[in-house]
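In: The sequence and its predicted three-dimensional model are supplied below.
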Amino acid sequence: MNRIRHSFVGKLMLLLGIIVTAVIIMIIVSFQHSQRVIQATNLLRNTGIRINQYSHQAYTSFLTMDDQSNMWVGLNGFGNQTLRQATFNQIKVAEASLNQSLQNLAPLMASATDQSLLRRAMRDATGYEGYFSQVEKLNVTDHKAAQQIMYITNSAVSNALTTDLINLEDIGKVIVEQNAKSTLMDAKSQEQIVLFGGVIIVLFALSIMFFVYILLKPLTLIVKRVHQIADGDFSVEALRVKNKDEIGVLAESYNEMVNRLRGILMSVSDSAQHVVAASQELMANASQTSVATERIAENIQEVASGAELQSSSTNAAVTTISEIGASAQEISKRTKSVAATSVDATALSNQGLIAIQQVYDAMVGIQSQVRILASNVSALENHSQHIGEIVNVISEISGQTNLLALNAAIEAARAGEYGRGFAVVAEEVRKLAEESAASSKQIADRIHSIQTEMSATVDLTSSVQQKVENGMNDVQTAGSAFTNIQRGIQEVSQQIAEVSSVVERMSEGTVDANQSMQNVSNLTSGAFTSTRNVSEAAQEQLASMEDIAASATELSSMAEALQEKLSHFKV
C-alpha cells in the first residue's frame with residue numbers, strides 16, 4: 001500500500017487556517033478603524049460641539065447684554081422703575097453668562113492662535129463691561145453722558161468683541177468640519193475593508209466547497225462500487241483514483257479486496273465443479289460394482305469360471321477408488337487455501353473499515369472548524385451593527401445642531417437690526433447641520449449595505465457547514481457497506497468450512513472403499529478353493545458399495561448447493 005503523500009485532513013486544515021487568519025486580520029483592522037471612528041466622534045462631541053456651544057452662548061449673551069443695556073439707558077426718562085429693574089437684571093444675567101462661557105472655552109483651545117483669540121475676546125469683554133460700569137454710575141446723575149458712552153464711546157469695543165465672538169464660533173465650525181470629514185473618511189475606509197474581507201471570505205468558502213467536492217467525488221464512486229459488491233457483482237472494474245491521501249489508500253484497499261474476493265470465488269467455483277464430477281464418477285463406479293456383486297451372489301456356482309473377470313473388475317474398482325481418494329485430497333487442499341484467502345479478505349475489509357473511520361474523524365474535525373468560522377462571522381456582523389448605532393448618534397447630534405441654529409435664528413430676529421450678522425451665522429450653522437445629517441445618512445446607508453453582505457456571508461458559511469455534514473453521512477454509508485461486505489465474507493468462510501468437512505469425510509470413505517476392494521481382490525484369488533468365502537465377501541462388498549453410493553449422492557448434493565450459491569456472484 002502506498003504511503004499517504006498529501007493528507008486529506010491536512011489540505012482541509014490548511015484552507016481553514018487561511019480563512020481563519022484572514023477573518024482575524026479583517027476583525028483586527030475593522031476594530032482599529034472602529035476605534036478611530038469612535039475617537040473622532042468623541043472628539044467631535046467633546047471639542048467641536050462644545051466650542052460651538054460655548055462660543056454661541058457667549059455671542060448670544062453679549063447680544064442680550066448689549067440690547068438690554070441700550071434699552072435700560074433709554075428707559076431712564078420714562079419713569080417705569082419696575083421695567084428698568086427687570087432690564088438691569090437681564091443685563092447682569094447676560095454678563096455672567098458671557099464671562100462663564102468664555103471661561104469654559106479656555107481649556108478647549110488647543111493652538112496658540114486660538115488661545116490668543118480667546119484672551120483678546122476676554123479683554124474686549126472686560127472693556128465693554130468697564131464702559132457699562134461707567135454708564136451704570138452716570139445713568140442717574142448724568143444721563144446724557146451715560147447715553148454718549150453707551151451709544152457712541154463703546155461702539156469700537158462692542159464691534160471688536162462681536163468680531164472676537166464670531167471668530168470663536170468659526171473655530172468650532174472648522175473643528176466640526178474637520179472631524180466630520182475625518183469620520184467620513186474612516187467610515188469609507190472601514191466599508192472598503194469589510195467589503196474586501198467579505199469578498200475574501202466568500203472566495204475561500206467557495207474554494208472549500210469546490211475542494212471538498214473534488215476530494216469526496218472518488219468516495220461517491222467507492223460507495224457505488226461497494227453497493228455492487230454487496231449485491232454479488234464482482235465483475236466491476238478497478239477504481240482509478242489519483243488521490244494520494246486517505247481516500248486514495250481506501251481506493252487501493254478496495255481494489256485489492258475485490259481482486260482477492262474474486263479469486264476466492266473462482267477457486268471455490270472450480271473446486272465445486274471438481275467435486276460434482278468426482279462424485280458422479282464415484283456414483284457410477286459404485287453402481288457398477290454393486291451390480292457385479294449381485295451377480296456374484298446370484299451366480300455363486302459360476303464364480304470359478306468368472307473369477308478372472310471378477311479379479312479384473314475389482315482391480316479397476318481399486319484404481320478408480322484410489323483416483324477418487326486423490327481427488328478428495330486435492331479438494332481438501334483447495335478448500336483450505338480458500339479458507340486462508342477468506343481470512344486475508346476479512347483482514348482487508350477490517351483495514352477498509354479503519355480507513356473509513358479515519359475519514360469520518362477528519363470530517364468531524366472539519367465540521368468543528370466550520371462552526372468556529374460561522375461564530376467569528378456572526379461576531380463580525382455584531383460589530384457592524386455597533387458601527388450603525390454610532391452613526392445614529394452622529395445623526396442625532398446633527399439634528400440637535402439644526403435645532404440650535406433654528407433657535408439662534410429666532411434670537412437674531414428678536415434682536416432686529418443688531419441681530420442681522422448673527423442671523424447669517426445661524427443660517428450657516430443650519431446649513432452645516434443639514435450637511436452633517438446628509439453625510440450621516442450616507443454613512444448609515446453604507447453600514448446597512450455592509451450588514452446585508454455580512455448576512456449573506458453568514459448564510460454561505462451555513463451552506464458550507466451543511467455540505468460538510470452531507471459528507472459525513474456519505475462516509476457513514478460507506479462504512480455500513482464495508483460492514484455488509486465483511487459479513488458476506490464471514491458467511492462464505494463458514495460455507496467453505498462446511499465443504500472442507502464434507503470432503504474430509506469423503507476422503508475417509510474412499511480409504512475404506514479402497515481397503516474393501518483389496519479384500520475383494522484377495523477373495524477373488526481364492527475363489528477356486530472357497531466359494532462360500534467369495535459369497536460372504538460379495539455380500540460385504542455390496543454393503544460397502546451401497547455406503548459409498550450414499551456418500552457420493554450426499555457429496556453431489558452439497559456440491560450442487562455450493563454451485564447454486566456461487567451462481568449469485570458475478571466474477
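Out: Looks like it arrived, so ask away. Numbering: from 1, shown residues only.
In: So for residue 257, what's the nearest residue that isn't a sequence neighbour?
Out: In this structure, residue 257 finds its nearest non-sequential neighbour in residue 348, 4.2 Å apart by Cβ to Cβ, 6 or more residues apart in numbering. For every residue, glycine as well, the C-beta is placed using N, CA and C.
In: so for the host helix or strand of the one you found, what's the average pLDDT?
Out: Element membership for residue 348, per DSSP states H and E: helix 303-415. Helix 303-415 shows a mean pLDDT of 71.
In: Repeat that for stretch 462-481.
Out: 75.
In: How far does it sit from its chain's centre?
Out: With Cα atoms, centre = their mean, to the nearest Å as the basis, the distance from the averaged C-alpha position of stretch 462-481 to the chain average is 12 Å.
In: Dump it to PDB, restricted to CA.
Out: C-alpha atoms of stretch 462-481 as PDB (Å, rounded to 0.1, in the frame of the first residue of the first chain):
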ATOM      1  CA  SER A 462     -24.100  27.700   7.000                       C
ATOM      2  CA  SER A 463     -24.200  26.200   3.500                       C
ATOM      3  CA  VAL A 464     -20.600  25.100   3.800                       C
ATOM      4  CA  GLN A 465     -21.400  23.600   7.200                       C
ATOM      5  CA  GLN A 466     -24.400  21.600   5.600                       C
ATOM      6  CA  LYS A 467     -22.100  20.300   2.800                       C
ATOM      7  CA  VAL A 468     -19.600  19.000   5.500                       C
ATOM      8  CA  GLU A 469     -22.500  17.200   7.300                       C
ATOM      9  CA  ASN A 470     -23.600  15.600   4.000                       C
ATOM     10  CA  GLY A 471     -20.000  14.400   3.500                       C
ATOM     11  CA  MET A 472     -20.100  12.800   6.900                       C
ATOM     12  CA  ASN A 473     -23.300  11.000   6.000                       C
ATOM     13  CA  ASP A 474     -21.700   9.600   2.800                       C
ATOM     14  CA  VAL A 475     -18.700   8.300   4.900                       C
ATOM     15  CA  GLN A 476     -21.100   6.600   7.300                       C
ATOM     16  CA  THR A 477     -22.900   5.000   4.300                       C
ATOM     17  CA  ALA A 478     -19.500   3.700   3.000                       C
ATOM     18  CA  GLY A 479     -18.700   2.200   6.500                       C
ATOM     19  CA  SER A 480     -22.100   0.400   6.500                       C
ATOM     20  CA  ALA A 481     -21.400  -1.100   3.100                       C
END
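In: Which residue ranges make up the domains of the protein?
Out: Under the assignment the TED database, the domains of the chain span 7-206, 260-568.
In: Lowest average confidence across the ones you listed, which one?
Out: The stretch with the lowest mean pLDDT among these is domain 260-568, at a mean of 71.
In: re earlier: residues touching the residue nearest to residue 257, list them.
Out: Contacts for residue 348 (Cβ atoms under 8 Å, 6 or more residues apart in numbering) come out as 253, 256, 257, 260.
In: Helix or strand: which one has the last one?
Out: Under DSSP H and E, the secondary-structure element containing residue 260 is helix 246-298.
In: where along this structure do the helices fall?
Out: For the chain, the helices defined by DSSP state H occupy 8-43, 49-74, 81-105, 112-141, 143-148, 155-230, 246-298, 303-415, 420-525, 531-566.
In: Looking at those, spot the one closest to residue 238.
Out: Of all the helices of the chain, helix 246-298 sits nearest to residue 238, with 4.6 Å by Cβ to Cβ.
In: rewinding a little: check which helices and strands the helix holding residue 260 sits against.
Out: On a contact count with 3 or more Cβ pairs under 8 Å, 6 or more residues apart in numbering; DSSP states H and E, helix 246-298 meets helix 8-43, helix 155-230, helix 303-415, helix 420-525, helix 531-566.
In: As TSV, those with distance to residue 270 would be great.
Out: Shown next, in TSV, are the helices and strands packed on helix 246-298 (distance: least, Cβ to Cβ, whole Å):
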stretch	distance to residue 270
helix 8-43	40
helix 155-230	21
helix 303-415	8
helix 420-525	12
helix 531-566	10
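In: Can you tell me which of those helices is nearest to residue 264?
Out: helix 303-415 (4.7 Å).
In: From the chain's centroid, how far away is stretch 123-140?
Out: 79 Å.
In: How about it, which residues are buried there?
Out: Neighbour counts over stretch 123-140 (16 or more other Cβ atoms under 10 Å) mark 124, 125, 127, 128, 129, 131, 132, 135, 136, 138, 139 as buried.
In: Dump the helices of the chain to CSV, plus distance to residue 237.
Out: Formatted as CSV, the helices of the chain follow (distance: least, Cβ to Cβ, whole Å):
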stretch, distance to residue 237
helix 8-43, 24
helix 49-74, 79
helix 81-105, 90
helix 112-141, 87
helix 143-148, 118
helix 155-230, 9
helix 246-298, 9
helix 303-415, 18
helix 420-525, 17
helix 531-566, 21
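In: Pick the most buried one from the ones you listed.
Out: Stretch with highest mean neighbour count among the helices of the chain: helix 49-74 (a mean of 21; mean count of other Cβ atoms under 10 Å).
In: and that one, how far out from the chain's middle?
Out: Taking the mean of its C-alpha atoms, helix 49-74 sits 65 Å from the chain's own mean (Cα atoms, centre = their mean).
In: Let me know the angle separating it from helix 81-105.
Out: Angle, helix 49-74 to helix 81-105, by axes from the mean of the first three to the mean of the last three Cα atoms, to 10 degrees: 150 degrees.
In: Report all helices and strands that helix 49-74 contacts.
Out: Packing partners of helix 49-74 (3+ Cβ pairs under 8 Å, 6+ apart): helix 81-105, helix 112-141, helix 143-148, helix 155-230, helix 303-415, helix 420-525.
In: For the ones you listed, could you give me TSV that also reports distance to residue 267?
Out: Listed next are the helices and strands packed on helix 49-74 as TSV, based on distance: least, Cβ to Cβ, whole Å:
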stretch	distance to residue 267
helix 81-105	104
helix 112-141	103
helix 143-148	134
helix 155-230	18
helix 303-415	5
helix 420-525	10
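In: And those: which comes nearest residue 52?
Out: From the helices and strands packed on helix 49-74, taking Cβ to Cβ, the stretch that ends up closest is helix 155-230, at 3.6 Å.
In: Tell me which other helices or strands the closest one touches.
Out: Using 3+ Cβ pairs under 8 Å, 6+ apart, the elements in contact with helix 155-230 are helix 8-43, helix 49-74, helix 112-141, helix 246-298, helix 303-415, helix 420-525.
In: coming back round to it: tilt between the helix holding residue 260 and helix 155-230?
Out: 10 degrees.
In: Can you give the distance from helix 246-298 to the centre of its chain?
Out: Distance, stretch centre to chain centre, for helix 246-298: 55 Å (Cα atoms, centre = their mean).
In: returning to what we had before: of all the helices and strands packed on helix 49-74, which lies closest to residue 24?
Out: Closest to residue 24 of the helices and strands packed on helix 49-74, according to Cβ to Cβ: helix 303-415, at 7.7 Å.
In: and residue 372, what is it in contact with?
Out: residue 20 are the contacts of residue 372 under Cβ under 8 Å, 6+ apart.
In: From residue 15, how far off is it?
Out: In this view, residue 372 and residue 15 are 14 Å apart by Cβ to Cβ, to the nearest Å.
In: thinking again about what came up before, compare the helices and strands packed on helix 49-74 and give me the one nearest residue 548.
Out: Once the helices and strands packed on helix 49-74 are compared by Cβ to Cβ, helix 420-525 is nearest, at 5.0 Å.
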